[in-house]
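>>> Sequence and predicted structure are below.
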Amino acid sequence: MKQIIFVHLLNDFSGSPKVLSQVVDAIKRDGQEPVLYTGKGESGFLSNKTSKHKNFYYKRSENRYITLFNFMLSQQILFFKLLKYFNKDVVIYVNTMLPFGAGLAGLIMRKPVYYHVHEISLTPVTLKRFLRGIIQLTAQKVIYVSEAVRALETFKNKRSYVIHNALPSEFARKNDDLNPHTFAGQFNILMIGSLKAYKGVYEFLEIAERLRENTSLNFNLILNAEKDEIDSFFKDMSVSPNVSLIPRQKNVVSFYKNANLVLNLSRIDKWVETFGLTIIEALAFGIPVIVPPVGGPAEIVRNGKEGYLISSYEIEEIVRKIQMLSHDKNKWEELSKNALKRSLDFSEERFNMKIMASINA
């Protein structure tokens, strides 16, 4: 096998670096220590993943124009860093559409370039068109995280593969190893996501506010942000006392163990979820879910089987479902059993097999 050079822009605790960390693990299990390039200064799922981890300049800013300037500069730097592999037998594996400098370097060096595409809702539109143009120009293969992504982000004359994200090994539990979820007078609702309006944080707070009189309901919102960022974001808002705002966590297992329902409230007209790792993580713990009726989530969850497909704009319907599930234990247990069974379709073994097959094809 050729030496794999992985490239990812922002190493944090979000979905795309988590998926890439699993791809890196698959390559390592095959006997290769891959090279990994990520933007400098961040800690995340890709930290300490390989002994050949290298950095390139990248820095975000609250000013979008400064961030764009830094992004373009980072790709120039990345491009020149990768030219060192001109006389090496390598494959450039680009995670997400963003690190276009890697694609251009692969083109100049005449190396195979593989793209792992996660995103649909990328803005501004001009940037997305530019990045799609680079992929069309440079990619030999394109791996998509769902059929929804492939349908919306098709590239001409490219070998393409749909490989659903895998359930991380730490979530792979046998049914009898799971701590049974008990109501015990409390019903815990969990959401995990980025600190962005389009991810449904305001809707989460509104749902909690409407149910604040029901003291048996607790709402936990884990955000991919530090405490000071969260405090600043919500400083002018009234947060219902039944809501806990929690900064980013390296390990969320304990939160899943205590949850009775997991929500994904991404706005369907602002951010189409391409897959949703938190969804299959929830299913693995036997937790019913309420997720958007479009994109990747609709490929994972069958309405009324493992949970419900409801737009985050349908606040009243979500409130009704929470009230129903918190009172109807038989229905909750039915959904929970279905969730556990469905999670088996997203095993790490199946993911590894498909990733290796796509790379070696």
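Structure received. Predicted, not measured: the structure shown is a model, and the values here were computed from it.

>>> What count of nearby residues applies to residue 107?
Close neighbours of residue 107, defined as other CB atoms under 10 Å, add up to 15. Glycine gets a C-beta too; all of them are placed from N, C-alpha and C.

>>> Show me what counts as buried in whichever helix or strand it is part of.
According to DSSP states H and E, residue 107 maps onto helix 100-109. When burial is assessed from 16 or more other CB atoms under 10 Å, helix 100-109 yields the following buried residues: 100, 101, 102, 103, 104, 105, 106, 109.

>>> from these, which single one is nearest residue 121?
residue 100 (18.0 Å; CB to CB).

>>> Secondary structure element holding the nearest residue to that closest one once chain neighbours are set aside?
Distance criterion CB to CB, 6 or more residues apart in numbering; nearest residue to residue 100, sequence neighbours excluded, is residue 134 at 4.3 Å. In the assignment (DSSP H and E), residue 134 maps to helix 125-138.

>>> Distance from the chain centre to that helix, please.
Distance, stretch centre to chain centre, for helix 125-138: 21 Å (CA atoms, centre = their mean, to the nearest Å).

>>> Which elements pack onto it?
Applying 3 or more CB pairs under 8 Å, 6 or more residues apart in numbering; DSSP states H and E, one finds that helix 125-138 makes contact with helix 100-109, strand 113-117.

>>> Not counting its own residues, what contacts the longest one?
Read that as helix 100-109. Contact with helix 100-109 is made by 5, 7, 37, 74-79, 82-83, 85-86, 92, 94, 111-113, 115, 130-131, 134-135, 137-139, as judged by CB atoms under 8 Å, 6 or more residues apart in numbering.

>>> Now do the buried residues in stretch 237-255.
Residues of stretch 237-255 classed as buried by neighbour count (16+ other CB under 10 Å): 242, 243, 245, 246, 248, 252, 255.

>>> Same list (the helices and strands packed on helix 125-138) but as CSV, adding distance to residue 42 and mean pLDDT.
Formatted as CSV, these follow (distance: least, CB to CB, whole Å; pLDDT from 0 to 100):
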stretch, distance to residue 42, mean pLDDT
helix 100-109, 17, 99
strand 113-117, 19, 98
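
>>> out of these, which comes closest to residue 312?
Of all the helices and strands packed on helix 125-138, strand 113-117 sits nearest to residue 312, with 24.1 Å by CB to CB.

>>> returning to what we had before: please export the C-alpha coordinates of the helix holding residue 107 as PDB.
Output in PDB follows, covering the C-alpha atoms of helix 100-109 (Å, rounded to 0.1, in the frame of the first residue of the first chain):
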ATOM      1  CA  PHE A 100      -7.800  22.500  -0.900                       C
ATOM      2  CA  GLY A 101      -4.100  23.100  -0.700                       C
ATOM      3  CA  ALA A 102      -3.600  19.400  -0.300                       C
ATOM      4  CA  GLY A 103      -5.700  18.700  -3.400                       C
ATOM      5  CA  LEU A 104      -3.600  21.100  -5.500                       C
ATOM      6  CA  ALA A 105      -0.300  19.700  -4.200                       C
ATOM      7  CA  GLY A 106      -1.500  16.200  -5.200                       C
ATOM      8  CA  LEU A 107      -2.300  17.500  -8.600                       C
ATOM      9  CA  ILE A 108       1.000  19.200  -9.100                       C
ATOM     10  CA  MET A 109       2.900  16.100  -7.900                       C
END
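
>>> Also compute the angle for that helix relative to helix 125-138, please.
Calculated by axes from the mean of the first three to the mean of the last three CA atoms, to 10 degrees, helix 100-109 forms an angle of 30 degrees with helix 125-138.

>>> quick one, helices of the stretch 1-150 of the chain?
For the stretch 1-150 of the chain, the helices identified by DSSP state H, counting those that start in this stretch occupy 15-29, 64-82, 100-109, 125-138, 147-152, in order along the chain.

>>> Adjacent strands (with direction) for the helix or strand just after the last one?
Tracing the chain C-terminally past helix 147-152 and defining elements by DSSP H and E, one meets strand 159-162 next. According to DSSP bridges, strand 159-162 forms sheet pairs with strand 141-144 (parallel).

>>> I'd like to know the average pLDDT value across stretch 134-151.
In this model, stretch 134-151 has a mean pLDDT of 96.

>>> Show me what counts as buried in it.
Counting neighbours by 16+ other CB under 10 Å, one finds that the buried residues in stretch 134-151 are 134-135, 138-139, 141-146, 148-150.

>>> Not counting sequence-adjacent ones, nearest residue to residue 309?
Counting by CB to CB, 6+ apart, residue 293 is the residue found nearest to residue 309 once chain neighbours are left out, at 3.8 Å.

>>> okay, now the domains of this protein?
With automatic domain parsing serving as the domain definition, the record reports that the chain contains domains spanning 3-162, 171-345.

>>> Mean pLDDT lowest where, among the ones you listed?
Considering the domains of the chain one by one, the lowest average pLDDT is found for domain 171-345, at a mean of 92.

>>> quick one, phi psi at the spatially most distant residue from the centre of the chain?
Centroid-distance maximum for the chain: residue 87 at 34.7 Å, with CA atoms, centre = their mean. With angles defined as degrees, to the nearest 10, residue 87 sits at phi -100, psi 20.

>>> how much space is there between it and residue 110?
Separation of residue 87 from residue 110 (CB to CB, to the nearest Å) stands at 11 Å.
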